[in-house]
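**Q** Using only what follows, build the 3D model:
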Amino acid sequence: MGTGDQEGYPDNFMDAMGILAEKISEQGGETVGYWPVEGYDFNESKAVVNGKFLGLAIDEDNQSDLTESRIKSWVSQLKKEFSL
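**A** You can find the predicted model right below:
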């Protein structure tokens, strides 16, 4: 998961999450917990692959009202993904 500001940084929103995922992959790790880009307003991101973020994208600056529900949904998704 990552945090960012889609209005202040629309051309590199969540880039750090994408850079980190690349480093994890280089070391043989696997990225899990992909998250849809719907509901966000940005131009570019290194964290988007095949139309999804490489993890949960949290924007407390502009969408703090959605944070709790996004986290709950993402955790539920992870539980299903890992049969927890």
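**Q** what's the pLDDT at Leu84?
**A** Per-residue confidence (pLDDT) for Leu84: 70.
**Q** With adjacent residues omitted, what lies nearest to it?
**A** Of all residues beyond its chain neighbours, the one nearest Leu84 is Leu78 (7.4 Å), with distances taken as Cβ to Cβ, 6 or more residues apart in numbering. From N, CA and C alone the C-beta is placed, and that goes for glycine too.
**Q** Surely the one you found is in contact with Gly55?
**A** No - Leu78 is beyond contact range of Gly55, at 10.1 Å (criterion: Cβ atoms under 8 Å).
**Q** what do these two both touch?
**A** Here Leu78 and Gly55 have Gly33 as joint contacts, going by Cβ atoms under 8 Å, 6 or more residues apart in numbering.
**Q** List the neighbours of the longest helix anywhere in the chain that are in contact with it.
**A** Residue-count comparison of every helix in the chain, with assignments taken from DSSP state H, identifies helix 60-81 as the longest. The set of residues external to helix 60-81 that reach it, using Cβ under 8 Å, 6+ apart, is 1, 3, 5-8, 32-33, 35, 39-40, 56, 58, 84.
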